[in-house]
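Undergrad: Sequence and predicted model, in that order:
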Amino acid sequence: EQSYMESVVTFLQDVVPQAYSGTPPAEEKEKIIWVRFENADLNDTTRNMEFHEIHSTGNEPPLLLMIGYSDGMQVWSIPISGEAQELFSVRHGPVRAARILPAPQISAQKCDNFSEKRPLLGVCKSIGSSGTSPPYCCVDLYSLRTGEMVKSIQFKTPIYDLHCNKRILVVVLQEKIAAFDSCTFTKKFFVTSCYPCPGPNMNPIALGSRWLAYAENKLIRCHQSRGGACGDNIQSYTATVISAAKTIKTGLTMVGKVVTQLTGTLPSGATEEEILAHSNIRRSPLVPGIITIIDTETVAEGQVLVSEDSDSDGIVAHFPAHEKPICCMAFNPSGMLLVTTDTLGHDFHVFQILTHPWSSSQSAVHHLYTLHRGETEAKVQDISFSHDCRWVVVSTLRGTSHVFPINPYGGQPCVRTHMSPRVVNRMSRFQKSAGLEEIEQELTSKQGGRCSPVPGLSSSPSGSPLHGKLNSQDTYNNFTNNNPGNPRLLPLPSLTVVLPLAQIKQPMTLGTITKRTGPYLFGAGCFSIKAPCKSKPAPQISPSKSVGGEFCVAAVFGSSRSWFANNPGLKREKDQSKQFVVESLYIISCYGSLVEHVLEPRPLSTAPKISDDTPLEMMTCPRASWTLVRTPQWNELQPPFNANHPLLLAADAVQYYQYLLAGLVPPGSPGPITRHESYDSLASDHSGQEDEEWLSQVEIVTHTGPHRRLWMGPQFQFKTIHPSGQTTVISSSSSVLQSHGPSDTPQPLLDFDTDDLDLNSLRIQPVRSEPVSMPGSSRPVSDRRGVSTVIDATS
C-alpha cells in the first residue's frame, strides 16, 4: 500500500504542470489512436509447427501488437525472452483498422490465389489506393513479402473495422457486414440488418474460427433459440440490492435529463440517442440487444436475411442477450462461449452456445454468468479470454481492466476450480461418488427454481420478452426417454453472478506507475522507464476520442516474460512457466506503454476455513514494462522484407503445413520443417486391414451404469481377513457380519485364546486376496483354502 506521503507525491506528479515540477520535458511522442493485440501466423499455436512441440522445447508464441498512430501504424513482437522487436512501421496518414491476414485453409478444390505474396496486411486508411473515394472507404491488401498492393476492395460508406480468420475476411460497415473469401477475396456473403450502436464500436461483431456473431435489429420468433439472457430476477440478495440501486439510478438520470432540458443544454451523450430514436420512429421499430450467430461455412452466398420467410440455413443461434444495444462481444478460444456487453456496461453476459444441426430454433443458449462490473456507466472497448477460458478481462474506455473468474461449464468459481494450474472437471470425485448431483436436481425441481422442469414454475415471469416459451412436450419427452444427458433440453443451468476479482486501472502517466511499484519495473528490451513522460498537458489525456477521460487500452493473457528478463543468465526451465496458476496479463495503454501484470489468485483471507468451495480473491502487481511508442525521429520499417523476417517465416511454416494437411505437394523445395510421420498418415490412405484392427479396439458401451458403484460410497472400507477354522468374516465398517454354525449359536469372530496371544504370529502385512470363482473357469473350487461365502447384492 502507498504511504500518505507517496500518494501526495504521485498526485503532484500527475496534476502539477511540467514547468512547476522542474523535470526536463520528455522527448516528443507520436499520438496513438488505437492499440490491439493481433492473432496471426506468427503466434498461431495450432497451425505453426514451431509451437507443436510446445511442452517439450518451451517454445512459446510471441505477443503480436499493433499500434495505430495519427500518422501511420506500427507492429511489434514481444517473444518469450522479453526483447521487443519492431516488425513493421509506416507513416502514410491515419489508419482506422489493420489486420495481418492468416494463411487461408486450402483443399484440393480450393487453392490460394495469393500464396506467393503472403503474408498480407489489410489496411483501411483515410486516403485509399484510388485517392478519389471518400476517406476510410476502401480496404487495401499489401504483400509484406513484395511490398506491392495486391488487392483493393472499394465501398460506398466508411469502414469501421476489419476481422479475419483462416476462412474469411470480414469488413464491418455501418449497419452492414461484408465477408470475403480468404483465398480469392471475392464476396462470399453480406448482412444488412445490424443494429446501430452509438459507439465506440459502431457495429460490434465477434468472429471465431468458424462462427460470426453480430447484433441483429429485430427478434424473429421462428428462428429464436431456447434460452438467452435471463432477466434481473436472479434470486440472490446481491442481485436484489443491485436492482434496487439500478432503479434509484435510472430515477436520478431521468431527473438529470429533465433539469438539463429545462436549462436548455442537452448532454453530449444524449444527443446521439435522441437522433437515433427519432430516426427509428420513421422506420419499423428496431429491437436492441438481439444477437444472431451464423456459420460462415454453411451460410448461403449473397445476403444473409433472418426473417419469417427465410430458412435457417447457416443460422446457428438467434437470441436476446441484453435489453440495451450491444456494445462489444467476443468468442472464447474454443468458440463455444460468447461474452456480450451492452451500452450501459453494468453487467456483462457469458453465454454457452449449444447448437442443433437442424435449425437455430432447436439450439440452446445457456446464460452461464452475469459479470457485474458496477453501477456507473462505462463503454467496453476490449474483451480477452485466458487460453484455458477460466479468466476473462473486460476493459472499458476509462482505462480500467476488470478481471473475472469463470468456468467454461458454468458454476461458482472457487478454490477447487481456479487454484490449480489445470482445468478441473465440473464435479469433484467426491461429488460424483456421493451422488450429490441427483439430490441437487430433485431439490431444485421441487422448489420450482430456474431449473424447474415444469415450465409454469420457472422463476422467470412467463410474460418476459427475454424468455421464449419452452415447449412442454419437449420436457415430457425428455423425462419419458430418460434422457437427462442432452444439454440442449431442460433443466437450464443456474445463472451465477460474478464480481471482478481485480480492477487494473491505467495510470495517467508512466511516472505514476514507476513511483508506485519501483522495485518491480525495468525496461525489458526497449527502454527503461526514466522520467514521467508528460509532454502532453493534463486536459488532453484522451488520445482515443475527443471526449475527455477516455483511454484506449487492450489486454491479453500470455506466459510471463518478466521472470526471464529478471534472470537473463538462467536458462528457462520447462516447468518454470508452470509455476503460475494464471498466465500474466499484458495491458497496453494509449501512451504506448505495455505492462505485464502478475495475477495471483488465493483463497479469501476472511474465510474461517479453507475448503474446495472457498471463494477467491486476487493479488495483482505490475512486473515489467516496455515503452513501445514511436517518436517522429524513428525510421520507417517498410516491406519488401527479407525471407528471414519473423512474419514471413511464420507464413511459410503455416502454408507448408496447410499443403500437407490438404494432401497436396508444397510448391518448391520442402521448407525448413522436417516432415513428420503424422503427415504421412494424414496424407496417405489407410488400407482396409488397418481399419479392421481399429474396429477391434473400439470400446462399446451399450448402456450407462449407475453413476455411483456400491463400493464408491464413503462408508465402505476394504480389509484382508484370515479365517480361522470354518469361520468366515466379512468386514464392513457399517456392520459386522458373522457366519453361524450348524447349531445356530453365534461363534466368536476369531477363535484364539486372548491370554496366550502371540503378537508376532499375527500377520500384520496384508496378503493378496484369493480370486473369486467365476462360472466356466477351469480352476477347481477345491483348490481354494477355507470356505467362501458369496453374497449376492444385486437384487
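TA: That came through, no problem.
Undergrad: what number of residues lie near residue 418?
TA: Neighbourhood size, residue 418 [other CB atoms under 10 Å]: 23. From N, CA and C alone the C-beta is placed, and that goes for glycine too.
Undergrad: so what's it up against?
TA: Contact analysis of residue 418 by CB atoms under 8 Å, 6 or more residues apart in numbering lists 390, 405, 581, 601, 616.
Undergrad: Same question for residue 592.
TA: If you count contacts by CB under 8 Å, 6+ apart, then residue 592 has 29, 32, 35, 67, 627-630 around it.
Undergrad: low-confidence ranges in this structure?
TA: Applying pLDDT under 70 to the chain flags residues 1-27, 52-58, 129-132, 231-284, 436-485, 508-549, 564-579, 668-709, 725-795.
Undergrad: mind listing the helices for it?
TA: Here the chain has its helices, by DSSP state H, at 4-15, 18-21, 54-57, 237-263, 268-282, 415-418, 429-434, 436-447, 472-480, 510-516, 562-566, 646-661, 677-683, 688-696.
Undergrad: just checking, residue 153 touches residue 180?
TA: Yes: contact criterion CB atoms under 8 Å: residue 153 and residue 180 qualify, at 6.9 Å.
Undergrad: Return every residue with contacts to both of these two.
TA: Shared contacts of residue 153 and residue 180 (CB under 8 Å, 6+ apart): residue 171.
Undergrad: need the strands for the stretch 1-150 of the chain, in chain order.
TA: According to DSSP state E, counting those that start in this stretch, the stretch 1-150 of the chain carries its strands in the segments 32-37, 63-69, 73-78, 85-90, 95-101, 120-125, 138-143, 149-154.
Undergrad: Can you lay out those strands as JSON lines showing mean neighbour count and distance to residue 365?
TA: As requested, the strands of the stretch 1-150 of the chain are exported to JSON lines (neighbours: other CB atoms under 10 Å; distance: least, CB to CB, whole Å):
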{"stretch": "strand 32-37", "mean neighbour count": "21", "distance to residue 365": "28"}
{"stretch": "strand 63-69", "mean neighbour count": "24", "distance to residue 365": "32"}
{"stretch": "strand 73-78", "mean neighbour count": "24", "distance to residue 365": "37"}
{"stretch": "strand 85-90", "mean neighbour count": "18", "distance to residue 365": "39"}
{"stretch": "strand 95-101", "mean neighbour count": "22", "distance to residue 365": "29"}
{"stretch": "strand 120-125", "mean neighbour count": "23", "distance to residue 365": "31"}
{"stretch": "strand 138-143", "mean neighbour count": "22", "distance to residue 365": "32"}
{"stretch": "strand 149-154", "mean neighbour count": "16", "distance to residue 365": "33"}
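Undergrad: Output those as a markdown table; include the columns distance to residue 641.
TA: A markdown table is the format used below for those (distance: least, CB to CB, whole Å):
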| stretch | distance to residue 641 |
| --- | --- |
| strand 32-37 | 21 |
| strand 63-69 | 15 |
| strand 73-78 | 11 |
| strand 85-90 | 8 |
| strand 95-101 | 12 |
| strand 120-125 | 11 |
| strand 138-143 | 10 |
| strand 149-154 | 15 |
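Undergrad: Point out the one among these that comes closest to residue 200.
TA: Each of those has some distance to residue 200 by CB to CB; the shortest is strand 32-37, at 9.8 Å.
Undergrad: between the strands of the stretch 1-150 of the chain, which one is nearest to residue 500?
TA: Across these, closest to residue 500 is strand 32-37 (CB to CB), at 20.3 Å.
Undergrad: That closest one to strand 95-101, inter-axis angle?
TA: Relative orientation of strand 32-37 with respect to strand 95-101: 20 degrees, computed using axes from the mean of the first three to the mean of the last three CA atoms, to 10 degrees.
Undergrad: Any idea how far apart the tips of stretch 172-187 sit?
TA: Chord length of stretch 172-187, first to last residue, is 13 Å (CA to CA, to the nearest Å).
Undergrad: now stretch 411-422
TA: In stretch 411-422, first residue to last residue: 17 Å (CA to CA).
Undergrad: Okay, buried residues for it please.
TA: For stretch 411-422, the neighbour count (16 or more other CB atoms under 10 Å) marks 411-415, 417-419 as buried.
Undergrad: And stretch 381-388, by the same measure?
TA: 381-386.
Undergrad: Output that stretch in CSV, but only the C-alpha positions, please.
TA: Coordinates of the C-alpha atoms in stretch 381-388 are reproduced here as CSV (Å, rounded to 0.1, in the frame of the first residue of the first chain):
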residue,chain,number,x,y,z
GLN,A,381,-13.7,-1.5,-25.8
ASP,A,382,-11.9,-4.8,-25.3
ILE,A,383,-12.7,-8.4,-24.1
SER,A,384,-10.0,-11.0,-23.8
PHE,A,385,-10.0,-14.7,-22.5
SER,A,386,-7.2,-16.7,-21.0
HIS,A,387,-6.2,-19.7,-23.1
ASP,A,388,-7.9,-22.1,-20.7
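Undergrad: picking up where we left off before, between the strands of the stretch 1-150 of the chain, which gets nearest to residue 346?
TA: Short answer: strand 32-37, nearest of the strands of the stretch 1-150 of the chain by CB to CB, at 25.0 Å.
Undergrad: which secondary structure elements does the closest one contact?
TA: With contacts taken as 3 or more CB pairs under 8 Å, 6 or more residues apart in numbering; DSSP states H and E, strand 32-37 sits against strand 63-69, strand 554-558, strand 584-588.
Undergrad: what would the ones you listed look like in TSV with distance to residue 113?
TA: Shown next, in TSV, are the helices and strands packed on strand 32-37 (distance: least, CB to CB, whole Å):
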stretch	distance to residue 113
strand 63-69	25
strand 554-558	32
strand 584-588	34
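Undergrad: Compare those and give me the one nearest residue 89.
TA: strand 63-69 (9.2 Å).
Undergrad: which residues touch the closest one?
TA: 30-40, 42-43, 73-78, 91, 94-98, 100, 556, 558, 586, 588, 592, 594, 628-630.
Undergrad: redo that, cut-off 7 Å
TA: Defining contact as CB atoms under 7 Å, 6 or more residues apart in numbering, one finds that strand 63-69 is touched by 30-38, 40, 42-43, 73-78, 95, 98, 556, 558, 586, 588, 592, 594, 628, 630.
Undergrad: End to end on stretch 323-334, go ahead and measure it.
TA: 27 Å.
Undergrad: What residues of that stretch count as buried?
TA: Of the residues in stretch 323-334, those buried by neighbour count under the rule 16+ other CB under 10 Å are 325-333.
Undergrad: that older thread, so for residue 367, which of the helices and strands packed on strand 32-37 sits nearest?
TA: Per CB to CB, nearest to residue 367 of these: strand 554-558, 24.1 Å.
Undergrad: That closest one pairs with which strands?
TA: strand 584-588 (antiparallel) (DSSP bridges).
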